[in-house]
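[1] structure of the sequence below:
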Amino acid sequence: MSRTVFCQYQQREAEGLDFAPWPGELGQRILAGIGKPAWAAWLAHQTMLINENRLSPRDPKHRAFLQGELEKFLFGSGADKPAGYVPPQA
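    Now for the predicted structure:
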């Protein structure tokens with residue numbers, strides 16, 4: 001049986017994650033207050049950040065940047081798109 005959480009990103013009840021997707025205190029905060037749809041939205045945004053900014057998840061500076069963006073995206077006022085980002089045409 002899945003568990004539900006009050007998703008701080010969506011501001012409504014949502015299906016909770018199955019495990020902490022990030023290490024440490026931030027991971028526990030995500031597990032307790034972020035739903036699966038919000039986490040999926042973050043993963044899509046993170047992929048765009050990595051691609052547009054040519055980030056390497058292995059670089060500690062890039063990981064720190066992504067963590068800051070993660071916190072802004074899920075718990076803050078939202079993260080910005082990279083400078084010069086143009087969405088793909090349908």
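[2] helices of the protein, residue ranges please.
    For the chain, the helices defined by DSSP state H cover 24-33, 36-53, 60-75.
[3] of all those helices, which one is nearest Tyr9?
    With Cβ to Cβ as the criterion, Tyr9 lies closest to helix 36-53 of those, at 3.7 Å. C-beta: built from backbone N, CA, C; applies to glycine.
[4] what mean pLDDT does the closest one get?
    For helix 36-53, mean pLDDT rounds to 93.
[5] what does that helix contact?
    Helix 36-53 is contacted by residues 7, 9-10, 14-17, 21, 30, 55, 57, 66, 69-70, 73-74, 79, 81-82, 85 when judged by Cβ atoms under 8 Å, 6 or more residues apart in numbering.
[6] could you export it as PDB, CA atoms only?
    Taking Å, rounded to 0.1, in the frame of the first residue of the first chain, the C-alpha atoms of helix 36-53 are listed here in PDB:
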ATOM      1  CA  LYS A  36       6.100  11.300  -6.700                       C
ATOM      2  CA  PRO A  37       4.700  13.800  -9.300                       C
ATOM      3  CA  ALA A  38       6.800  16.700  -7.800                       C
ATOM      4  CA  TRP A  39       9.900  14.500  -7.700                       C
ATOM      5  CA  ALA A  40       9.300  13.600 -11.400                       C
ATOM      6  CA  ALA A  41       9.000  17.300 -12.200                       C
ATOM      7  CA  TRP A  42      12.300  17.900 -10.400                       C
ATOM      8  CA  LEU A  43      14.000  15.100 -12.400                       C
ATOM      9  CA  ALA A  44      12.900  16.700 -15.700                       C
ATOM     10  CA  HIS A  45      14.100  20.100 -14.500                       C
ATOM     11  CA  GLN A  46      17.400  18.700 -13.300                       C
ATOM     12  CA  THR A  47      18.000  17.000 -16.700                       C
ATOM     13  CA  MET A  48      17.400  20.300 -18.400                       C
ATOM     14  CA  LEU A  49      19.800  22.000 -16.100                       C
ATOM     15  CA  ILE A  50      22.500  19.400 -16.700                       C
ATOM     16  CA  ASN A  51      22.100  19.500 -20.400                       C
ATOM     17  CA  GLU A  52      21.700  23.300 -20.900                       C
ATOM     18  CA  ASN A  53      24.600  24.100 -18.500                       C
END
